[in-house]
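# Dropping the sequence and predicted coords here.
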Protein chains: 2
Amino acid sequence: MTTRRNAFVGPSARIETEDGLYSEDEVRLANRNSGVLLESLSKDITPTGLHYLLNHFDVPMLDADTHVLRFSGAFSAPFELSMADILALPTVTRAVTLECAGNGRANVSPRSHSMPWMYEAVGTSHWTGTLLKPLIEKADPSGDVVEFSFLGADFGFDQGVGHHFGRSLTRDQLDDVMLVHSMNGQPLLPQHGAPLRLIVPGWYGMASVKWLTEIEALTQPYEGFQQIEVYRFRDAAGEPGRPVTTLRVKSLMVPPGVPDWGTRQRYLDPGRVELVGRAWSGGGVPIAKVEVELDGAWKTARLEPSGETYAWTKWSCVWEATTGFHVLRCRATDAEGHKQPLEPPWDLAGFGNNAAQKVQVVVGPL
Amino acid sequence: MTTRRNAFVGPSARIETEDGLYSEDEVRLANRNSGVLLESLSKDITPTGLHYLLNHFDVPMLDADTHVLRFSGAFSAPFELSMADILALPTVTRAVTLECAGNGRANVSPRSHSMPWMYEAVGTSHWTGTLLKPLIEKADPSGDVVEFSFLGADFGFDQGVGHHFGRSLTRDQLDDVMLVHSMNGQPLLPQHGAPLRLIVPGWYGMASVKWLTEIEALTQPYEGFQQIEVYRFRDAAGEPGRPVTTLRVKSLMVPPGVPDWGTRQRYLDPGRVELVGRAWSGGGVPIAKVEVELDGAWKTARLEPSGETYAWTKWSCVWEATTGFHVLRCRATDAEGHKQPLEPPWDLAGFGNNAAQKVQVVVGPL
């Protein structure tokens, strides 16, 4: 059993703060978790060490030599795999963009008091491993299996409930899911799930369970805390909510010019500047269009698709920057017609905020 | 000339907040900069990607193939070095602990509004490069040279002043300073100063200039913004201040037990637990003692020096954890008798806070 209720709930209570001010708990989370540096969006692949990190509990320091992945539950031919077994399986490498479901939470008002991401919880890596589906088939789930749960080695408390981080997928959500042991051509780093993790392409990051220890075949829907309580879209407290699943269409730009240290406000010389950024959507749906708002008009950007189904698309757009204060925005539309909103969509926990990024730029002779 | 005053100072003004609440600017900095995960203090070498990052401006994405280090100023035989030239020089690898001068800033009251580090701005890596001093000697500084300045490629504004990040060292501070191109056996990552940076062992991190482009021999003390304005200990505003230099003695522990997600409060089963952590001091001074406060008594920890002059020392200590709420603390003393204070030393900017870490633990059956 992986869920335990703890008697000591008191210290977990959240401190509520006014909008515009942040609690110590939020800052502690911001110090602990880390985002991408927006200037690295100039690169197709996020440099190692800059991919965002959102870890619910402590990073378990696991030993690859003794690590075992166990298939359990309603399989007729369950087995265990060592890392040597997994490394011997057919290999696939894919560039996949991951984004935290809470990315943009700090821009939703009123704000949910959790990790206060603004824009930076995203990254793209080359992930190497093996496809999950053939292994599931080999373990032979019984006919009444409806879901598979994926359990991590990381354990902690949330709202007084102790649990290993765990998530589930239904049978029809397994296509393209990978069991991953390497990132950007090197063994997984501890903080990214070493020695073994799931990558669920096209989904928000919570689905890609790290430090994977067990895959269980379930004949009833999974009721793990992260599945049922945490990652749900809710309009109001007390609702069961709707599950957070695939990525919403979104785009970001590399802030042009140079920053002020304390505010990150941008400064730029007048003249021609090439704006660049990245856009992505969920479930493998391609990006159809990116528009950039320049001095009140939306200009269509040039797209450079990567050729990878689940990786972000580069975009670029020329701006003739004139002296003064400007607010730039970018918004993407995917091939199914989903378009980024200009204002954050409401969600109680601040999940799925795909509102257009705003970048303030002061243009004048540096 | 590397310093320019900008006309657009307005947006840089800091928002002051009450203690216990944090401004949006501080949270933006916390999202951008990243700290070590305290559980990784179990390891001698900080895993790649977990070493703390404090970058004043944008990370410049430099090309190692064209990068040049230029010796300039009062040298009689100045020269330039390509990365190929530098890689051909004698190689040295050292484990060096770096800590941000602002580490612990958030625990100083009243708080300076900058990057709100709590405990996490520290890390130890294997740095590979070549010693700086032979190159300085080869370039032959004139007899009246008093300092050498080190200039980075990163540019931005701070308090309205535009400048490349730059720092200086005097002639007698050059021993053991390295020109570094590799970290943990791999080429430097962009965010750690690729392709070339300084490592100044035993000093706070600001001395280890990243993205190094120029070394200038100066016959007058360096007056760069980061040297004269930023990294100074000051009791009050308006003072010239005293320069921030070598690391103060400090220690940290791996928080025992498991965390609550939102508060990072720790939970632990009763019983025997081995507490582990790291301790370090400045200027190559060894750690002489680490004490851990357990239930009101200070217990001396066991030390395991690394054998590396400038790397932290592992310590460990057994605790018989009893049911209830505990506050653990650790404090180190170095071989010169410097001992960590129990309360944060006052500094206007929150530099050099080496007060003993406090870890709250709820002990009870999980």
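Cool, got the structure. Numbers count the residues shown, from 1 in each chain, chains lettered A, B, ... in the order given.
# When you work out contacts or count neighbours from here on, use the C-alpha atoms and nothing else.
OK.
# The closest residue to chain B within the stretch 201-350 of chain A pairs with what?
For the stretch 201-350 of chain A and chain B, the shortest gap (CA to the nearest CA) falls at A:Asp260, measuring 4.5 Å. Beta-bridge partners recorded for A:Asp260 (DSSP bridges): B:Phe157.
# What about the nearest residue to A:Pro259 once chain neighbours are set aside, how many residues nearby?
Leaving aside its sequence neighbours, A:Pro259 sits nearest to A:Arg266 (CA to CA, 6 or more residues apart in numbering or on different chains; 4.6 Å). A:Arg266 has 22 neighbours, counted by other CA atoms under 10 Å in any protein chain shown.
# wait, A:Arg266 sits on A:Leu366?
No - A:Arg266 is beyond contact range of A:Leu366, at 11.2 Å (criterion: CA atoms under 8 Å).
# picking up where we left off before, isn't the residue of the stretch 201-350 of chain A closest to chain B up against B:Phe157?
Yes - the criterion here is CA under 8 Å, and A:Asp260 meets it with B:Phe157 at 4.5 Å.
# helix/strand/coil for A:Gly337?
Under DSSP: H, G, I helix; E, B strand; the rest coil, A:Gly337 falls in the coil class.
# what's near enough to touch the residue nearest to A:Pro259?
A:255-260, A:359-362 (CA atoms under 8 Å, 6 or more residues apart in numbering or on different chains).
# So which of these is the closest to A:Leu89?
Nearest to A:Leu89, judged by CA to CA, of these is A:Pro255 at 42.2 Å.
# how about the closest one, what does it touch?
By CA under 8 Å, 6+ apart, the contact list for A:Pro255 reads A:38-39, A:266, A:275, A:359.
# Need these in JSON lines (columns: pLDDT and secondary structure).
Below are the contacts of A:Pro255 laid out as JSON lines (pLDDT from 0 to 100; DSSP: H, G, I helix; E, B strand; the rest coil):
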{"residue": "A:Leu38", "pLDDT": "98", "secondary structure": "helix"}
{"residue": "A:Glu39", "pLDDT": "98", "secondary structure": "helix"}
{"residue": "A:Arg266", "pLDDT": "96", "secondary structure": "strand"}
{"residue": "A:Leu275", "pLDDT": "98", "secondary structure": "strand"}
{"residue": "A:Val359", "pLDDT": "97", "secondary structure": "strand"}
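# From the residues you listed, list just the buried residues.
Among the contacts of A:Pro255, those classed as buried by 16 or more other CA atoms under 10 Å in any protein chain shown are A:38-39, A:266, A:275, A:359.
# quick check, nearest of these to A:Gly352?
Nearest to A:Gly352 out of the buried ones among the contacts of A:Pro255 is A:Leu38 (CA to CA; 18.9 Å).
# The closest residue to chain B within the stretch 101-250 of chain A and B:Gly162, how far apart?
When scored by CA to the nearest CA, the stretch 101-250 of chain A has A:Phe157 as its residue closest to chain B, at 4.5 Å. Taking CA to CA, to the nearest Å as the measure, A:Phe157 falls 46 Å from B:Gly162.
# which one of those two has more residues nearby?
Higher neighbour count among A:Phe157 and B:Gly162: A:Phe157, with 29 against 22, using other CA under 10 Å.
# For the more buried one, list the residues it contacts.
Contacts of A:Phe157 by CA under 8 Å, 6+ apart are A:6, A:163, B:258-261.
# got it, and A:Glu137?
Contacts for A:Glu137 (CA under 8 Å, 6+ apart) come out as none.
# Surely it is within a helix?
Yes - A:Glu137: assigned to a helix according to three-state DSSP.
# Would you tell me which residues of the stretch 51-200 of chain A are close to chain B?
A:56-59, A:114, A:116-118, A:120, A:155-160, A:189-191 (CA under 8 Å from any CA of the partner chain).
# same thing but at 6 Å, please
Contact residues, the stretch 51-200 of chain A versus chain B (CA under 6 Å from any CA of the partner chain): A:56, A:156-158.
# Select from the residues you listed the one having the most neighbours.
A:Phe157 (29 neighbours).
# can you pull the pLDDT of it?
Per-residue pLDDT puts A:Phe157 at 95.
# What distance do you get for A:Glu24 to B:Ala349?
Distance of A:Glu24 to B:Ala349, computed by CA to CA: 19 Å.
# Same drill for these two, tell me which one is more crowded.
Between A:Glu24 and B:Ala349, B:Ala349 has the larger neighbour count (other CA under 10 Å), namely 23 against 19.
# Look up phi and psi at the more buried one.
When quoted as degrees, to the nearest 10, the phi and psi of B:Ala349 stand at phi -90, psi 0.
# shouldn't it be in contact with B:His113?
No - using CA atoms under 6 Å, B:Ala349 is not in contact with B:His113, being 8.0 Å away.
# domain ranges for chain A?
A:3-243, A:250-363 (automatic domain parsing).
# Out of the ones you listed, which is closest to B:Asp172?
Distance to B:Asp172, taken as CA to CA, is lowest for domain A:250-363 among the domains of chain A, at 31.0 Å.
# and the closest one, how far out from the chain's middle?
In terms of CA atoms, centre = their mean, to the nearest Å, the centre of domain A:250-363 is found 18 Å from the chain centre.
# so what does the helix or strand containing A:Cys317 touch, helix or strand wise?
Secondary structure assigned from DSSP states H and E places A:Cys317 in strand A:313-321. Strand A:313-321 sits against strand A:271-280, strand A:302-304, with contacts defined as 3 or more CA pairs under 6 Å, 6 or more residues apart in numbering or on different chains; DSSP states H and E.
# of all the ones you listed, which gets the most neighbours per residue?
strand A:271-280 (a mean of 20; mean count of other CA atoms under 10 Å in any protein chain shown).
# Find the least confident helix or strand in chain A, judged by mean pLDDT.
In chain A, no helix or strand scores lower on mean pLDDT, DSSP states H and E than strand A:3-5, which sits at a mean of 59.
# Who are the packing partners of the following helix or strand past that strand?
Once the chain leaves strand A:3-5, the next helix or strand it forms, by DSSP H and E, is strand A:21-23. Contacts defined by 3+ CA pairs under 6 Å, 6+ apart place strand A:21-23 against strand B:21-23.
# what about the strand it packs on, average pLDDT?
Strand B:21-23 carries an average pLDDT of 93.
# And stretch A:314-326, by the same measure?
Rounded mean pLDDT across stretch A:314-326 is 97.
# Same question for stretch A:207-215.
Here the average pLDDT along stretch A:207-215 is 98.
# Likewise for stretch A:255-262?
Averaged across stretch A:255-262, pLDDT comes to 96.
# how about the CA coordinates for it, as PDB?
Only the C-alpha atoms of stretch A:255-262 are listed here, as PDB (Å, rounded to 0.1, in the frame of the first residue of the first chain):
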ATOM      1  CA  PRO A 255      13.200  38.100 -24.600                       C
ATOM      2  CA  PRO A 256      15.100  40.500 -27.000                       C
ATOM      3  CA  GLY A 257      17.900  42.900 -25.900                       C
ATOM      4  CA  VAL A 258      19.600  42.800 -22.600                       C
ATOM      5  CA  PRO A 259      18.200  42.500 -19.100                       C
ATOM      6  CA  ASP A 260      18.200  44.600 -15.900                       C
ATOM      7  CA  TRP A 261      19.500  42.200 -13.200                       C
ATOM      8  CA  GLY A 262      16.800  42.800 -10.600                       C
END
